[in-house]
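Trainee: using only what follows, build the 3D model:
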Amino acid sequence: MGLTDTVTLHNGVQMPQFGLGVWQVDDGDEVIHSVKWALEAGYRMVDTAAAYGNEKGVGQAIKESGVSRDDIFVTTKVANSNQGYEETLAAFEDSIKKLGLETLDLYLIHWPVAESFVDTWKAMEKLYKDGRIRAIGVCNFHQHHFEKLMETAEIKPMVNQIELHPYLNQEPLRQFCKEQDIVVEAYSPLGSGNLLQNEDLKAIGEKYGKSPAQVMLRWDIQHGIVTIPKSVHKERIQENADIFDFELSQEDMDEIDRLNQDHRFGWNPERFDK
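Mentor: Coordinates of the predicted model:
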């Protein structure tokens with residue numbers, strides 16, 4: 001078990017279970033260094049988005065890394081302001097150009113913009129059928145969003161990327177996605193840093209000689225959740241990945257599960273500010 005471990009999407013594509021997120025990472029040197037450090041440490045997945053404004057730096061880092069493009073799983077997302085059929089097709093071309101890539105591994109709808117996500121999905125299905133993208137999925141979708149989408153969709157989403165951490169464990173939504181064969185991917189897996197001082201997580205970590213961050217990321221892995229912690233510090237990027245030499249006991253997994261408060265640090269998909 002390690003950084004090269006993958007989960008299988010329902011179309012057969014192998015997606016790494018662990019990667020680097022670059023939300024709130026500045027374009028230019030900051031994101032270039034972060035991505036290159038992650039790839040040096042053995043990461044093989046990078047998750048960005050048009051809305052992050054750093055696709056160009058991500059692409060430059062991949063190019064400069066010396067790691068084969070075929071070995072790196074790259075995700076980006078269509079921004080809320082670019083949703084709609086024609087708009088999504090144009091947004092994809094813009095993202096690909098900034099990333100400097102010919103094809104994309106995973107393209108996601110960033111948020112369920114009510115009036116346009118169905119048309120956005122039709123465009124993503126076209127890009128997928130045309131071989132431009134290896135897999136397509138969504139972010140921040142609740143069950144009712146999926147139900148609306150599937151009324152007209154030809155292809156079921158392969159991934160649902162959601163805010164997920166011990167204070168928001170999303171168990172009912174995870175169960176729904178499991179039943180639908182949709183892989184769950186956690187963003188803000190450390191609660192945007194807000195859980196690093198949690199005493200329960202500290203105590204669990206002390207048993208294994210691990211940090212609260214490592215405990216939370218290991219919890220993701222053992223639940224079968226894809227996880228993409230963000231950091232701009234080389235040491236932290238390396239530390240986050242050092243989670244494959246221990247295993248949380250079932251008792252500790254259950255204790256972390258009980259920390260759930262249904263508490264969000266980010267937007268609620270039911271009433272997000274577009």
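Trainee: just the C-alphas of stretch 62-69, formatted as CSV.
Mentor: Extracted in CSV, the C-alpha atoms of stretch 62-69 (Å, rounded to 0.1, in the frame of the first residue of the first chain):
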residue,chain,number,x,y,z
ILE,A,62,4.1,19.0,-14.6
LYS,A,63,6.2,19.8,-17.6
GLU,A,64,9.3,20.7,-15.5
SER,A,65,9.0,17.8,-13.1
GLY,A,66,10.6,15.1,-15.3
VAL,A,67,7.7,12.8,-14.4
SER,A,68,6.0,11.2,-17.5
ARG,A,69,2.7,12.8,-18.3
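Trainee: tell me how far that stretch lies from the chain's centre.
Mentor: Stretch 62-69 sits 20 Å away from the centroid of its parent chain (Cα atoms, centre = their mean, to the nearest Å).
Trainee: neighbouring contacts of that stretch?
Mentor: 32, 35-36, 39-40, 44, 46, 72, 74, 99-101 (Cβ atoms under 8 Å, 6 or more residues apart in numbering). Backbone N, C-alpha and C define where each C-beta goes, glycine included.
Trainee: reformat those as TSV; add neighbour count.
Mentor: Below are the contacts of stretch 62-69 laid out as TSV (neighbours: other Cβ atoms under 10 Å):
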residue	neighbour count
I32	23
V35	27
K36	19
L39	22
E40	14
R44	19
V46	28
I72	20
V74	24
L99	21
G100	14
L101	19
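Trainee: ok, of those residues, which one's closest to G191?
Mentor: V46 (21.4 Å; Cβ to Cβ).
Trainee: excluding its own residues, what touches whichever strand or helix holds the closest one? List them.
Mentor: Using DSSP states H and E, V46 sits within strand 45-47. Residues outside strand 45-47 that contact it (Cβ under 8 Å, 6+ apart) are 15-16, 18-22, 35, 38-39, 58, 62, 72-76, 161, 187, 228.
Trainee: now that strand, how far from the chain's geometric center?
Mentor: For strand 45-47 - counting by Cα atoms, centre = their mean - the centre lies 8 Å from the chain centre.
Trainee: let me see the mean pLDDT of that strand.
Mentor: The average pLDDT within strand 45-47 is 98.
Trainee: partners of it in the sheet?
Mentor: Strand 45-47 has the following strand partners under DSSP bridges: strand 20-21 (parallel), strand 73-78 (parallel).
Trainee: next structured bit after it?
Mentor: helix 55-65.
Trainee: between that following helix and strand 73-78, how big is the angle?
Mentor: With axes from the mean of the first three to the mean of the last three Cα atoms, to 10 degrees applied, the angle from helix 55-65 to strand 73-78 works out at 170 degrees.
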